[in-house]
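> got a predicted structure plus its sequence, pasted below:
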Amino acid sequence: MNDPRDDMPRVDPGGDKPLDASAARREPSLAPAVDGETAARAQPFYPGLPSGTGIGKYRILERIRTYHNAVVYKARDLMLDRLVAVKQMSPGLIDNPVACGNFRREAQLLARIPKDARHIVNIHELIEDEAGLFIVEEFVHGHWLESLIFKRLVDYRHAYRLLKTAAMGLRTLHAHMIVHRDIHPGNIIVTRGGGAKIANLASAAHEGDLSAPPVITPRYAAPEMLLEKRYDNRVDIYALGLVFYELCVGRAAFEKHFAEIVASPFPVGRWIDWQTDLAAALPHPGALNALIPPRLAGILQRMTAKDLAQRYTTVDEILDDVAALLTGRDGSTGRHREIEVEPGPGRATTQSLFPASSPENQGSFPLATRAPGSPTRTIRAVSEAAESPNERMGDTRSWEYREEAGRTDAESFTTHAAPYYSKAEPPGPCDRPFEQYYTLPSDIRRRRRRPRRNPPYGATRYGEQRHGADYAGRDVHAGAGHRGRAAEGRFERSREARSPRPIVSVAIPAPPPVKEVHKKHSPRILLWTLGVFLFLAAGLAGGGAIWYYQYGPGLHNPIEAILDRGIAEYEAGNYSAAEAVFEEARRTKAKGQTAPVWRERARFWLDMVHAQIALENNKFETVQSLLRDAQKRGVNPAKVDELQQKAWQKRDALRLAEEGMDELAQGNLPAVEAKLDEYAEKAAAAGMDPEKLKDSLSSTKKDMKYREFLKKGHEALRQGEFLEAITACEKAEELQITVATRELRRAIESAQSRKQWVDKGDQAMVDRDFAEAERCYNRAISILPGVELERKSRLARAYVLIDEANETIRDGDLLEAEKKLKSSLWNAPTPEGQTRYTRMTPAFDAARLARRAELALETGNREEAIRLFEEAIRGLEGAGITGKAIEQVRKKLESQTKAATQPHD
């Protein structure tokens with residue numbers, strides 16, 4: 001791609017006068033580029049200020065841009081802690097009064113713009129420092145439009161908001177009678193929000209000021225400005241239109257159309273030729289990019305019209321058309337418009353009112369398409385008020401640019417509109433109405449499969465394996481496995497149900513005689529008794545333990561352990577962690593009779609934590625409400641009283657601090673000192689810093705002393721007491737070194753230096769060394785100008801010119817001496833100068849006669865020359881002139897007289 005820096009304006013290298021368009025066309029080499037980067041490239045390389053350089057209260061961070069006359073840095077305002085942009089005029093132009101005037105004019109024009117202008121880079125201040133001239137501007141986070149166009153990161157879809165905001169910036173400039181005169185992508189910043197800001201008013205001027213701008217970009221310049229005709233703020237409309245024309249069609253397509261100009265070794269002259277050729281016009285935007293909406297293309301064509309009668313008159317008209325484009329208005333509300341549907345050559349046409357990125361076109365419904373070669377049809381669209389917002393915004397797929405022979409540019413745009421509910425259109429002629437077919441399931445019969453009754457594999461073998469020899473001879477059907485097993489079960493049950501065996505008679509013999517014998521008690525009974533007792537005791541102990549820990553006082557509740565962790569966090573001061581733990585305890589499920597008690601404790605500690613957090617935020621009413629709720633719960637009254645006392649102490653401490661700060665603001669320091677002890681006691685009890693009020697008092701005292709010393713220093717400086725002023729400045733610096741102390745010290749040093757130069761100049765005047773006096777006075781003026789100092793400098797200059805005139809008279813150049821005497825009287829009408837000029841007036845008249853005689857000799861009138869020489873000699877003798885002046889005239893008279901008396905050959 002072509003380097004964007006090649007398309008730059010041309011000016012006369014010998015001065016500030018713009019290069020004539022015809023001269024640039026005749027000899028492009030006579031027009032070096034001085035626009036933006038090209039101008040900076042043509043000048044000697046200036047590395048810029050190093051990072052960390054201080055300019056007053058600003059600290060340079062990095063260099064971000066270079067213009068033809070300045071370098072822009074990113075800097076930080078150390079006082080307000082904000083980012084700013086510092087624009088430094090190139091040091092090579094610091095001795096050029098015209099460049100300095102243009103730089104100051106840029107700052108003055110920016111200062112006329114109100115601070116609430118959102119689409120123009122605002123100015124903070126203009127600084128004249130030892131390092132040069134600086135404009136401190138607003139720092140804008142964003143990208144240059146030139147970079148975005150070059151990288152193809154913007155296109156016609158971003159044009160609406162960018163055009164609207166850029167036009168609003170131009171409207172602000174034009175409302176304050178300012179013409180930018182150099183609108184191009186390098187002077188437009190695209191912010192993070194997608195808006196545009198106009199920057200760099202180096203070429204701007206008041207409306208009606210037809211002077212040549214310092215720099216101009218012919219690629220975007222209006223024809224009337226290049227032709228040096230009368231122009232107005234419509235040149236900005238033309239330039240803005242070209243910028244957005246290039247943005248919408250794309251730089252590649254734009255430069256392809258102007259391939260001859262871009263490929264030319266001198267493109268600037270070729271651009272001037274094209275811009276000043278009123279018959280040459282830009283092609284319709286749709287011819288270079290078929291995706292541009294027709295109404296947007298119409299706005300661009302009207303903005304870039306070379307004929308002023310066809311161009312927009314004001315920026316408000318552009319904003320009205322853009323607003324109408326966004327809202328869908330087309331002249332009158334609710335008017336229907338006929339749109340023509342026709343596919344482009346060689347491709348199907350997408351008919352949708354939604355862009356590809358919208359959810360409406362990302363569902364399961366395909367986009368309506370039409371096969372190539374289908375005939376054109378005209379459909380009636382819905383009213384403007386009912387149109388889709390995407391169509392108003394210019395949906396890229398709801399229209400297509402098409403060129404046909406015999407049709408105008410406006411007719412070349414065909415709009416392919418389709419309802420938002422349309423599905424895929426079947427192939428075929430477009431005249432057939434669209435139908436959508438749906439296939440619905442009807443009378444679906446569900447058949448339930450029956451389970452198979454086939455026996456499992458090997459059922460017969462299973463019976464054989466199970467019953468062995470008993471069933472070896474039984475005939476079992478191989479296909480009735482289940483039935484075989486059922487028969488087998490019945491067989492077993494029948495076998496078990498046989499008749500019982502017969503009863504056998506048994507003879508029982510008679511028992512022997514019983515003999516009672518009393519046995520002794522065995523210890524085994526005691527053991528059994530003891531075992532039973534121990535068993536019962538163990539059972540009772542186990543049951544009691546179970547009751548104690550499950551239902552009795554020994555019940556272990558899971559909330560207890562969580563509360564212990566929360567209380568530990570509370571005591572450590574980690575109130576956020578404690579709040580989370582107590583919330584967990586409140587939500588924990590627990591059983592038993594004590595569960596409500598533990599939940600109540602969790603709520604109590606939650607109230608205490610919330611009260612602590614509210615106390616940290618000084619919300620005392622909330623603290624009182626929470627403490628009342630906690631006190632009603634009756635869990636830990638001591639903690640409630642402790643926090644209540646802490647809240648009272650902190651409230652009193654804050655009240656004392658507020659009263660103390662008010663007393664400090666009023667300068668009543670004794671009243672503040674009386675409150676220090678009470679504040680320290682209450683602040684310490686409330687957990688606050690007890691030294692805060694004391695530190696504020698010390699800081700206020702220090703600040704008051706600092707301001708007092710600064711005031712004394714400035715007062716002594718105004719009275720010329722430099723020693724007293726420097727002493728006060730040093731005392732102020734002992735307290736704190738600020739920008740004010742540095743400026744005071746610099747002012748004292750400058751005043752001392754100025755006083756020394758003035759004293760040296762006065763002494764030189766006494767010694768009649770007028771040249772030295774003039775030099776000293778000029779040095780003093782460079783430090784700080786003054787009316788009295790200017791008068792002394794002019795007086796010294798007058799005497800210097802008198803001395804130079806006397807020296808010139810001695811050398812015989814009377815006419816040059818007359819000029820010097822007149823210049824001396826113009827600087828200061830001194831008595832010496834007036835007397836000298838009056839005495840030498842006859843001699844000056846005689847010198848003019850001698851000059852006329854020389855002119856007569858050049859024309860061949862010797863007799864007139866001799867007469868004038870004789871008259872000049874009489875005048876010089878009458879004025880008492882001797883020396884070289886009269887001798888030169890006599891010699892010329894003698895030579896001419898001798899030549900007149902000699903016979904001619």
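That came through, no problem.
> show me the contacts for residue 124.
By Cβ atoms under 8 Å, 6 or more residues apart in numbering, the contact set of residue 124 is 84, 136, 137, 138. To be clear about C-beta, it is placed using only N, CA and C from the backbone, and glycine gets the same treatment.
> again, but for residue 816
By Cβ under 8 Å, 6+ apart, residue 816 lies in contact with residue 808.
> where does it land in three-state SS?
helix (DSSP: H, G, I helix; E, B strand; the rest coil).
> ok, it to residue 865 distance?
As judged by Cβ to Cβ, to the nearest Å, residue 816 and residue 865 stand 22 Å apart.
> now do the strands in the stretch 251-400 of the chain.
Along the stretch 251-400 of the chain, the stretches classed as strands by DSSP state E, counting those that start in this stretch are 338-341, 377-380, 399-401.
> now do the first one, average pLDDT.
Rounded to a whole number, the mean pLDDT of strand 338-341 is 34.
> picking that back up, any quick ChimeraX command for the buried ones out of the contacts of residue 124?
Burial among the contacts of residue 124 is assessed by 16 or more other Cβ atoms under 10 Å; the matching ChimeraX selection reads:
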select :84,136,137,138
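> dump the contacts of residue 124 to JSON lines, plus distance to residue 634 and secondary structure.
Formatted as JSON lines, the contacts of residue 124 follow (distance: Cβ to Cβ, whole Å; DSSP: H, G, I helix; E, B strand; the rest coil):
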{"residue": "84", "distance to residue 634": "62", "secondary structure": "strand"}
{"residue": "136", "distance to residue 634": "66", "secondary structure": "strand"}
{"residue": "137", "distance to residue 634": "67", "secondary structure": "strand"}
{"residue": "138", "distance to residue 634": "62", "secondary structure": "strand"}
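> and the two most separated of the contacts of residue 124?
Spanning the widest gap among these are 136 and 138, at 8.9 Å by Cβ to Cβ.
> okay, and the common contacts of these two?
Contacts common to residue 136 and residue 138, judged by Cβ under 8 Å, 6+ apart, are 84, 85, 123, 124.
> how much space between the first one and residue 196?
Looking back up the chat, that one is residue 84. Taking Cβ to Cβ as the measure, residue 84 falls 20 Å from residue 196.
> contact partners for the spatially most central residue of the chain?
Per Cα atoms, centre = their mean, the C-alpha nearest to the average position across the chain is that of residue 141, at 2.1 Å. Counting by Cβ under 8 Å, 6+ apart, residue 141 makes contact with 191, 192.
> distance of it relative to residue 83?
Taking Cβ to Cβ, one finds residue 141 at 8 Å from residue 83.
> number of nearby residues for residue 575?
Residue neighbour count, defined by other Cβ atoms under 10 Å, stands at 18 for residue 575.
> so what's residue 687 up against?
The neighbours of residue 687, taking Cβ under 8 Å, 6+ apart as the test, are 646, 650.
> pretty sure it is in a helix, no?
No: assessed with three-state DSSP, residue 687 is coil; it does not lie in a helix.
> what pLDDT does it get?
70.
> how much space separates it from residue 184?
Taking Cβ to Cβ as the measure, residue 687 falls 63 Å from residue 184.
> next one: residue 824
Using Cβ to Cβ, residue 824 is found at 51 Å from residue 184.
> burial count for the closest residue to residue 622 other than its chain neighbours?
Leaving aside its chain neighbours, residue 622 sits nearest to residue 614 (4.1 Å; criterion: Cβ to Cβ, 6 or more residues apart in numbering). When neighbours are defined as other Cβ under 10 Å, residue 614 has 19 of them.
> same deal with the one 4 residues further on?
Residues contacting residue 618 under the criterion other Cβ under 10 Å number 12.
> just say helix, strand or coil for the residue lying closest to it once chain neighbours are set aside.
Leaving out its chain neighbours, the residue that sits closest to residue 618 by Cβ to Cβ, 6+ apart is residue 654, at 6.5 Å. The three-state label given to residue 654 by three-state DSSP is helix.
> what mean pLDDT does the helix or strand encompassing residue 714 get?
Per DSSP states H and E, residue 714 falls inside helix 692-719. Averaged over helix 692-719, pLDDT sits at 81.
> for it, name the packing helices and strands.
Using 3 or more Cβ pairs under 8 Å, 6 or more residues apart in numbering; DSSP states H and E, the elements in contact with helix 692-719 are helix 637-666, helix 669-685, helix 722-735, helix 739-766.
> got the buried residues for stretch 624-636?
626, 627, 629, 630, 631, 633, 635, 636.
> run the chain-centre distance for it.
52 Å (Cα atoms, centre = their mean, to the nearest Å).
> also stretch 251-260?
31 Å.
> any buried residues in that stretch, and which?
For stretch 251-260, by 16+ other Cβ under 10 Å, it's 251, 254, 255, 258.
> then stretch 887-904?
Buried, per 16+ other Cβ under 10 Å, within stretch 887-904: 889, 892, 893, 896.
> run a quick neighbour tally on residue 638.
The number of residues packed near residue 638 is 7, by other Cβ under 10 Å.
> brain fart, residue 324
A count of neighbours around residue 324, defined by other Cβ under 10 Å, yields 16.
> out of the buried residues of stretch 251-260, list just those in helices.
If you go by DSSP state H, those have 251, 254, 255 in helices.
> list the contacts for the second one?
Neighbouring residues of residue 254 by Cβ under 8 Å, 6+ apart: 245, 246, 288.
> can we see that at 10 Å?
Applying Cβ atoms under 10 Å, 6 or more residues apart in numbering, we find residue 254 in contact with 149, 242, 245, 246, 247, 248, 262, 282, 283, 288, 289.
> helix/strand/coil for the fourth one?
Here residue 246 is helix, with the state taken from three-state DSSP.
> ok, it touching residue 253?
Yes: between residue 246 and residue 253 there is a contact under Cβ atoms under 10 Å: 9.0 Å.
> any common contacting residues for those two?
Residues touching both residue 246 and residue 253 (Cβ under 10 Å, 6+ apart) are residue 288.
> pLDDT and distance to residue 541 added to the ones in helices among the buried residues of stretch 251-260, as TSV?
TSV is the format used below for these (pLDDT from 0 to 100; distance: Cβ to Cβ, whole Å):
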residue	pLDDT	distance to residue 541
251	95	96
254	95	100
255	95	101
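> run through the stretch 401-550 of the chain and note the low-pLDDT ranges.
Along the stretch 401-550 of the chain, the parts satisfying pLDDT under 70 run over 401-511, 514-522, 547-550.
> show the backbone phi and psi for residue 96.
Backbone torsions of residue 96, given as degrees, to the nearest 10, read phi -90, psi 110.
> contacting residues around it?
Counting by Cβ under 10 Å, 6+ apart, residue 96 touches 16, 69, 89, 90, 102, 103.
> which among these end up buried?
69, 89, 90, 102, 103.
> may I ask which two of the residues you listed are separated the most?
The widest separation within the buried ones among the contacts of residue 96 (Cβ to Cβ) is 11.8 Å, between 90 and 102.
> now do the shared contacts for the two.
Joint contacts of residue 90 and residue 102 (Cβ under 10 Å, 6+ apart) are 69, 96.
> tabulate the CA atom coordinates of stretch 646-659 in CSV.
The C-alpha trace of stretch 646-659 is given here as CSV (Å, rounded to 0.1, in the frame of the first residue of the first chain):
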residue,chain,number,x,y,z
LYS,A,646,-16.4,2.5,71.9
ALA,A,647,-19.1,4.0,69.7
TRP,A,648,-19.7,6.9,72.0
GLN,A,649,-15.9,7.6,72.3
LYS,A,650,-15.5,7.5,68.5
ARG,A,651,-18.4,9.8,67.9
ASP,A,652,-17.0,12.4,70.4
ALA,A,653,-13.5,12.0,68.9
LEU,A,654,-14.9,12.7,65.4
ARG,A,655,-16.9,15.7,66.7
LEU,A,656,-13.7,17.1,68.3
ALA,A,657,-11.8,16.5,65.1
GLU,A,658,-14.4,18.2,63.0
GLU,A,659,-14.5,21.2,65.3
